[in-house]
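Participant: One predicted model, sequence on top.
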Amino acid sequence: MAFSVAAVFGGLGLALPQPLGAREDLSDETGELQARIDALAAASGGELVIGAGVHRSGALFFRPGVNLRIEKGGVLLGLDAHEAYPMRETRIEGETCVYYPALINADRCDGFRISGEGVVDGHGLPTWRAFWKALKENPRCLNKEPGLVRPRLLYVSNSDNVDVCGVTFRNAKFWTTHYYNCRNVRVHDCEIASEVLDGVRGPSTDSIDIDRCRGFVVSNVFMNVNDDAVVIK
């Protein structure tokens, strides 16, 4: 499903540091990535640039004035371990509660922007298998079933003038992108998909969850997930 709605957003004009280079190993880069975000914030803002290669990470927390660009050939790949997503108060399924943060989190980050031609990959398959197994054993299994690590790929909250473009979001463990209490958001020219992997479908991998937002535009977005395309909550 695609939407075509016109909107105009101003340029951000932020500095472009050197990208995080390609890695041959698949080590956990959460600490390094978060340190770069914090350093950019301390230097009055900028852009975290992820270059070609696979970069594995747990939850990242962006600061005001810090944006994300994933270059072509770059993949931000979500870790699977519980410890990679320290539980905290967040908004999920219509309530504020303690739950896993997303892979990418931006709270009170006016002007937050994600751009580039790269990929944000949730590495959802292990979690999908665990969920369907739990559901088979207990038909009343919930999306937030204790013990199932199901972070979203992107959670933006309490932020105005948000722009997400160009990137591909794929194989989320739970909802793919979630926006809460935001104003003037534009999601455009990107792809959101959860493939069928090894015959397994991703449960509740909504493309875009719009939660208590105003002025939200979705345009030229390809969506192919195993649940809702766009949800207005």
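Facilitator: Nice, thanks for sending it over. Numbers count the residues shown, from 1 in each chain.
Participant: Mind pulling up the pLDDT for Val156?
Facilitator: Val156 carries a pLDDT score of 98 in this model.
Participant: hang on, it packs against Arg183?
Facilitator: No. The pair Val156 / Arg183 is not scored as a contact, 11.3 Å apart, by C-beta atoms under 8 Å. Placement of C-beta: from N, CA and C, glycine included.
Participant: So those two - more neighbours on which side?
Facilitator: Each of Val156 and Arg183 has its neighbours counted (other C-beta atoms under 10 Å); Val156 has more, 25 against 14.
Participant: List the contacts of the more buried one.
Facilitator: By C-beta atoms under 8 Å, 6 or more residues apart in numbering, Val156 lies in contact with 105-107, 109, 112, 162, 177-180, 182, 185.
Participant: from those, which is closest to Arg201?
Facilitator: Arg201 lies nearest to Thr177 out of the contacts of Val156, by C-beta to C-beta, at 18.5 Å.
Participant: Quick check: the gap between the closest one and Glu89.
Facilitator: Separation of Thr177 from Glu89 (C-beta to C-beta, to the nearest Å) stands at 20 Å.
Participant: And for Trp132?
Facilitator: For Trp132 relative to Glu89 (C-beta to C-beta), the value is 29 Å.
Participant: Mind checking which of these two has more residues around it?
Facilitator: Neighbours per residue (other C-beta under 10 Å) separate Trp132 from Glu89, with Trp132 holding more: 15 against 9.
Participant: Mind checking what secondary structure the more buried one has?
Facilitator: Counting by DSSP: H, G, I helix; E, B strand; the rest coil, the backbone at Trp132 sits in helix.
Participant: which regions of this protein sit below the pLDDT cut-off?
Facilitator: 1-26 (pLDDT under 70).
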